[in-house]
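> below: sequence and its predicted model.
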Amino acid sequence: MTDSLSPSGRPVSASKVEMTEIAFPNDANPLGNVMGGRVMQWIDICAAVAAGRHARTPVVTASVDQIDFHNPVPVGGVIVLLASVNFTGRTSMEVGVKVFQEERATGNRTHVVSAYLTFVSLDPATRQPRAVPPVLPESADEKRRFADGKRRRELRLAARQRG
């Protein structure tokens, strides 16, 4: 992947990740569906790759917003995770992840869960927070996600101040 840093930032496309997993028996609960914690692990990994692609530094998970599961994934199911940076602050990034189950025979996808995670960029030498380039939304959908991410960030900061 080339470094797509422009003087004013990086496009959302520079951070996009598509990750695919197969649900194995060791990922499952007693009902034969993938455990939520395993899906959350995949979400964190996928989001970390997207954040790292944007920042070009080590990143750490700072927070995860509410996660609501919509559909189960059975053992043997194909799981597709899509992630990209929605919004950037000074040293932090909001990454959106959408998870689908993909039908092998048709390729049709069923929404499983979505999540928003905040990552902080770290300086590789000092491991202290480091500024990130701004994200440059280009499409109408990316601009909507940017505005929504900005609103969610304001809500997170307000909640933190309330204690």
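Right, received. Where do you want to start?
> quick one: the helices in the chain?
36-55, 140-162 (DSSP state H).
> mind listing what's buried in the longest one?
Yep, that's helix 140-162 we're talking about. If you call a residue buried by 16 or more other Cβ atoms under 10 Å, then helix 140-162 has these buried ones: Glu142, Arg145, Phe146, Gly149, Arg152, Arg153, Arg156. Backbone N, C-alpha and C define where each C-beta goes, glycine included.
> how about the fourth one: what's its closest non-neighbour residue?
In other words, Gly149. Phe87 (2.9 Å; Cβ to Cβ, 6 or more residues apart in numbering).
> over to the second one?
Once its chain neighbours are removed from consideration, Arg145 has its nearest residue in Asn86; the separation is 4.5 Å (Cβ to Cβ, 6+ apart).
> mind checking how far the one you found is from Pro72?
27 Å (Cβ to Cβ, to the nearest Å).
> again, but for Asn108
16 Å.
> between those two, which has more neighbouring residues?
Pro72 (18 against 10; other Cβ atoms under 10 Å).
> quick one: pLDDT of the more buried one?
pLDDT recorded at Pro72 is 96.
> give the contact list for it.
Leu31, Asn33, Val34, Val112 (Cβ atoms under 8 Å, 6 or more residues apart in numbering).
> how about a cut-off of 6 Å?
If you count contacts by Cβ atoms under 6 Å, 6 or more residues apart in numbering, Pro72 has them with Asn33.
> residue numbering should commence at 530 henceforth.
That works, and once the first residue is 530, the last one we named lands at Pro601.
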